[in-house]
Each structure stands twice: as C-alpha cells, then as structure tokens.
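S.K.: sharing a model that was predicted from the sequence below.
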Amino acid sequence: DAGITQSPRHKVTETGTPVTLRCHQTENHRYMYWYRQDPGHGLRLIHYSYGVKDTDKGEVSDGYSVSRSKTEDFLLTLESATSSQTSVYFCAISRSAIGETQYFGPGTRLLVL
Amino acid sequence: GIQVEQSPPDLILQEGANSTLRCNFSDSVNNLQWFHQNPWGQLINLFYIPSGTKQNGRLSATTVATERYSLLYISSSQTTDSGVYFCAAALTSGGSYIPTFGRGTSLIVHP
C-alpha cells in the first residue's frame, strides 16, 4: 500500500471556525489531491498540487485553500467552516497526471455543526 | 467538463456469479481509472486504463475510447468484492488534471 496518512481522521467543529486537514505521503509522488465525498455526488476534486508550491483549483474549490511547502505534505484549509463542508475528505497521490494511477489515503470525516 | 455515468447504480449477486459494470463518458479522455471503495470506506485503485484491456486475477477492464465507454468485469464474485465501484475520467493537458468521478455502482455479494 502507498504510504499516505491523513490527520485528523475525525473532526467535529463549529461553523465559522478554521480547520486544517493534513495529508502526508512517503512515496515522493509529484501530484497530490484533495477530494470530498458526499452521498449522491461521488468524489469531487477540491484542489490539487503538481509540485512544491504549485497548486490548482478543482471542481469545488470555493471555501477551501491549500498549501504545499514540502513534497510530502499537502494541507487543506477551510478558512471559516460551514455546515455544507461536512463531508469525508480524501487525499490522493500519483507520480504524474497521465499514465499513473492514483492512490488514496484513509479519509477524514469532518462534521461542521 | 466531462460527464461520467455509471451503470447499474446497484447490483446484488450471489457468490460465484459474474458481472459487468459500465462507465460512459461524454468526451475524449486520456486518463480513465477504476476504483473499489470497500465497506470500510477505503478507496483502492483497480485499473488505470485509458484504452485497451487489462486483467488482474478475477477482474478485468476494457476501455473503448473511440466509443467513450469502459467496462469492468468481475468473474466468480466473492463477498469481499462488495462495496462501491467508481470510474474516474479526465482529459489531462499541460499538467492540468481534473478528474470526474461517476456516482458509482454499489455491489453486494451474498454468500
């Protein structure tokens, strides 16, 4: 299994508070991704990174920011959490965008009250 | 963006049966993957298959890019095959990569 960890694994927070989720990989893969999974929507890409300090928006980026200061870490920040951001968040990695499959982390369950 | 539709949405099988899951996509793609999400929520990659056919044990996949569909075959199903199967399609260009996932096929295999 690819070495991907996410922290925290579970979090309950209140509307309006900032939240940061961390993804850590030990595979030295170039690409890292943040998805959210909601019933009826499958997985939707929030942001992705194609290198240190290189990030781009995905399908549902509003309300989220990311940072990647090291190859192994990709942070997802909810500046001011809302109830609509209650979801399961998955991090994924891949060597490249073409020709390589993605490997997913275990997920983080976030509940915004 | 690319639209991805999976069928059937739900599938119930007896152990030992075979099944075919379908993924249709609306536009040209150069990145097509199949994933299995087990009942504990873990997502596991099955195939990277933008075109052609691949096999891995009891699972195989075929993508006909010109006709914009991919098929996942499960033979001699086992209870451990239960879960949700997703396909994800993308047209990557210049490093840009925004995959679209289908809503999945939920598979239950009864002993």
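M.R.: Looks like it came in fine.
S.K.: nearest residue to the middle of chain A?
M.R.: Geometric centre of chain A, nearest residue: residue A:34, 2.7 Å, by C-alpha atoms, centre = their mean.
S.K.: tell me who's in contact with it.
M.R.: Contact partners of residue A:34, counting by C-beta atoms under 8 Å, 6 or more residues apart in numbering or on different chains, are A:21, A:23, A:45-48, A:58, A:64, A:66, A:74, A:76, A:89-91. For the C-beta atoms, the positions are set from N, CA and C on the backbone; glycine is no exception.
S.K.: Three-state assignment for it, please.
M.R.: Under DSSP: H, G, I helix; E, B strand; the rest coil, residue A:34 falls in the strand class.
S.K.: confirm residue A:84 sits in a helix?
M.R.: Yes: assessed by three-state DSSP, residue A:84 belongs to a helix.
S.K.: burial measure for it, as a count.
M.R.: 10 (other C-beta atoms under 10 Å in any protein chain shown).
S.K.: what about residue B:92, how many neighbours?
M.R.: The burial count for residue B:92: 17, using other C-beta under 10 Å.
S.K.: now the residue nearest to it when sequence neighbours are not counted: how far from residue A:12?
M.R.: Nearest residue to residue B:92, sequence neighbours excluded (C-beta to C-beta, 6 or more residues apart in numbering or on different chains): residue A:97, at 4.3 Å. Noted for residue A:97: a distance of 34 Å to residue A:12, by C-beta to C-beta, to the nearest Å.
S.K.: more neighbours: these two, which one.
M.R.: Ranked by neighbour count (other C-beta under 10 Å), residue A:97 and residue A:12 place residue A:97 first, with 23 against 11.
S.K.: my read: that one touches residue B:94, true?
M.R.: No: using C-beta atoms under 8 Å, residue A:97 makes no contact with residue B:94, being 9.3 Å away.
S.K.: on that earlier part again, model confidence for the residue nearest to the centre of chain A, exactly?
M.R.: We have a pLDDT of 97 for residue A:34.
S.K.: repeat that for residue B:91.
M.R.: 86.
S.K.: excluding its backbone neighbours, what's nearest it?
M.R.: residue B:29 (5.3 Å).
S.K.: who's in contact with that neighbour?
M.R.: By C-beta under 8 Å, 6+ apart, the residues touching residue B:29 are B:2, B:50, B:65, B:68, B:89, B:90, B:91.
S.K.: got a quick ChimeraX command for the buried subset of the contacts of residue A:34?
M.R.: Applying 16 or more other C-beta atoms under 10 Å in any protein chain shown to the contacts of residue A:34, the buried members can be selected in ChimeraX as follows:
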select /A:21,23,45,46,47,48,58,64,66,74,76,89,90,91
